[in-house]
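# this is a predicted model, with the sequence first.
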Amino acid sequence: MPTLNWIGKDKVINHHHDVPYHVLERQYSFDENGQHEEDNGSENMIIHGDNLVALKSLLPKYEGKIKCIYIDPPYNTGNEGWVYNDNVNDPKIKKWLGEVVGSEGEDLSRHDKWLCMMYPRLKLLHKLLADDGAIFISIDDNEQANLKLICDEIFGTTNFIANIVWKKKTNGNNMGYIPAVHDFVVCYCKNINKLSFKGLPLSEEYLKNKYSNPDNDPRGAWTTTDLSANHKGPYFKIINPNNGQEYYPPEGRYWVFNEDEVLKRIDDGRIIFGKSGNTRPVQKVFASNRDLTQKPETWFDKQGYNSDGMLTMAALLGKKVFDYPKPIQLIEYILRFATENNSIVLDSFGGSGTTAHSVIDLNKRDGGNRKFICVELMDYADTITAERVKRVIKGYGEGKNAVEGTSGSFSFYELGEPLLIGENLNENIGTDKIKEYIWYTETKADYQENDNGNEFYLGRNNDTDYYFFYNKNCVTTLDHTFLATIKQKAEGYVIYADLCSLSDDELSKFNIIFKKIPRDITRF
């Protein structure tokens, strides 16, 4: 398989392993009752911070669980004037490139920089994607070819789904030799053998043109199809009972039913001889018996334009804040066929919040319970991204322009401190956060406080009890004294501590697995 090389690739190809795990610090929650400090338990998240770090922080809970990822990364156009800097020259990104790529970073072209920025993020997105999930990436001609090659490398060529063309505006305003009126949406899946996209309901206009019921058939609206096929089958004459006319299949074709079935269907009106009753036999096909859905194609037309996105943002915030925010029609169209009603949707380039808006809007319309996770690096994560979602939930506009709220909720997070500093646990992080991490790495389940009389008890999973014997002010030792504090019997024990003075025979006797802090703490 051809691969793409660029300056700095060797520094970033495995960099996702080196990204430290940071805790997520909830700042506030929001729902129909407004903003409050109390945690409302919402599974919807807006995270402010570097998406590379945020994606790593999502791994313990969400690895392999994201059904649909949509991202709209920088297109790398060279335009430095946007609110969302589109040239990968934001100071935070430049600092990151300097730290990771080193002195080579000074020689990078803007395409090298873009690839260095994207590669580790795509690696983490691949880890988060569910086996039956898909990722959709908006891009234009500047980096589409490069994006395709690195996605082939990360997701695998067999998991490429489509390079979708999205018509983003109605005309090119005579800009350039061939005005560009499209962007791309590059689509890959995690495992082609497990992917399943839903068919989308056919439009009312299509159904009205396709099906009708001119004879008031009690079986409902119908259309007609050919009664013959080119595969070998029955060959006999059909007699029109209205006029005695005889019909055979066209040359090289055969009837799709045997003679008894044909007579039965003529009798009950499922085979007719045209509207006049005097033409070749055809079969009625009822709308109620057809799959009235259609899978999406690689040409997305009339799924919203850039101008629709701008109008929506202006209506929501009362002013223009982005030049080209994606329209909710485009994202909702993708969500309709790529998600189930309870899927988790991730957007790690949150921008103006279109993905979050689309999720809660679609939930309202179809009764779904999809969850969203949006990550935004820039400082407007709260003032624009989250503010948009707040207004969508509560409603916005006045008078005839008022838009009813969708209801819903989310919590807003900042990236906290790293769990580990070098090889040591970060003592500034609360013990509860460390317990949550340990419990999830061991069980893949959310941590719940368990009180069995032992402050170091985490919980039970599959008949095994877990203990995290940790004290930031002193060294802890798994010894007979600690064993005496364990009153609850279990089939086995996993016990974290700084040291262990029990022999291997004693650990085996009591069915204990000792894990040393911090050496044996799982790194993602």
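On my side now, so go ahead.
# off-centre distance for the longest helix seen in the chain?
In terms of residue count, the longest helix belonging to the chain (DSSP state H) is helix 110-128. Taking the mean C-alpha point of helix 110-128 and that of its whole chain, the gap between them comes to 17 Å (CA atoms, centre = their mean, to the nearest Å).
# what comes up buried for whatever helix or strand comes next after it?
Proceeding C-terminally, helix 110-128 gives way to strand 129-139 as the next helix or strand, assigned by DSSP states H and E. Counting neighbours by 16 or more other CB atoms under 10 Å, one finds that the buried residues in strand 129-139 are 129-130, 133-139. Bear in mind the C-beta positions are built from the backbone N, C-alpha and C, glycine included.
# kindly report the same for stretch 465-480.
Buried residues in stretch 465-480, counting neighbours by 16+ other CB under 10 Å, are found at 465-470, 476, 478.
# widest-spaced pair of the residues you listed?
With distances taken as CB to CB, the most widely separated pair in the buried residues of stretch 465-480 is Asp465 and Thr476, at 17.0 Å.
# now do the longest helix of the chain against strand 129-139, angle only.
Counting by axes from the mean of the first three to the mean of the last three CA atoms, to 10 degrees, helix 110-128 lies at 150 degrees to strand 129-139.
# what comes up buried for helix 110-128?
By 16+ other CB under 10 Å, the buried positions in helix 110-128 come out as 110, 112-128.
# so is the residue nearest to the spatial centre of the chain in a helix, a strand, or just coil?
Centroid-nearest residue in the chain: Cys68, 2.0 Å away (criterion: CA atoms, centre = their mean). Here Cys68 takes the strand state, with states given by DSSP: H, G, I helix; E, B strand; the rest coil.
# do I have it right that Leu483 meets Phe510?
Yes. With contacts counted by CB atoms under 8 Å, Leu483 reaches Phe510, the gap being 7.1 Å.
# for this structure, where's the lowest mean pLDDT among helices and strands?
Within the chain, confidence by mean pLDDT, DSSP states H and E is lowest for helix 91-101 among all helices and strands, at a mean of 72.
# and the helices in the stretch 151-300 of the chain?
Residue ranges of the helices in the stretch 151-300 of the chain, as given by DSSP state H, counting those that start in this stretch, are 204-210, 259-267.
# now stretch 24-31: average pLDDT?
For stretch 24-31, the mean pLDDT works out to 97.
# for it, which positions count as buried?
For stretch 24-31, burial by neighbour count (16+ other CB under 10 Å) applies to 24-25, 28-31.
# now stretch 222-229
Under the neighbour-count criterion of 16+ other CB under 10 Å, stretch 222-229 has 222-223, 227-228 buried.
# and stretch 300-316, by the same measure?
Those buried within stretch 300-316 under the rule 16+ other CB under 10 Å are 300, 303-306, 308-310, 312-313, 316.
# Phe412 looks like it's in a strand, true?
Yes. Using three-state DSSP, the assignment for Phe412 is a strand.
# what residues are up against it?
Contact analysis of Phe412 by CB atoms under 8 Å, 6 or more residues apart in numbering lists 26-30, 46-48, 381-382, 386.
# got the end-to-end distance for stretch 319-337?
Across its full length, stretch 319-337 reaches 32 Å end to end, with CA to CA, to the nearest Å as the criterion.
# same question, stretch 256-271
Across its full length, stretch 256-271 reaches 12 Å end to end, with CA to CA as the criterion.
# one more: stretch 381-393?
Counting by CA to CA, you get 17 Å between the two ends of stretch 381-393.
# ok, now stretch 382-401?
Distance between the boundary residues of stretch 382-401 (CA to CA) amounts to 25 Å.
# same check on stretch 338-358?
Taking CA to CA as the measure, stretch 338-358 stretches 13 Å from start to finish.
# now it, how far from the chain's geometric center?
Using CA atoms, centre = their mean, the distance from the centre of stretch 338-358 to the centre of the chain it belongs to is 6 Å.
# can you pull the buried residues of that stretch?
Neighbour counts over stretch 338-358 (16+ other CB under 10 Å) mark 338-339, 343-358 as buried.
# next one: stretch 373-386
Within stretch 373-386, the residues scored as buried using 16+ other CB under 10 Å are 373-378, 380-382, 384-386.
# for Asp347, see how far away Leu129 is.
Distance of Leu129 to Asp347, given as CB to CB, to the nearest Å: 13 Å.
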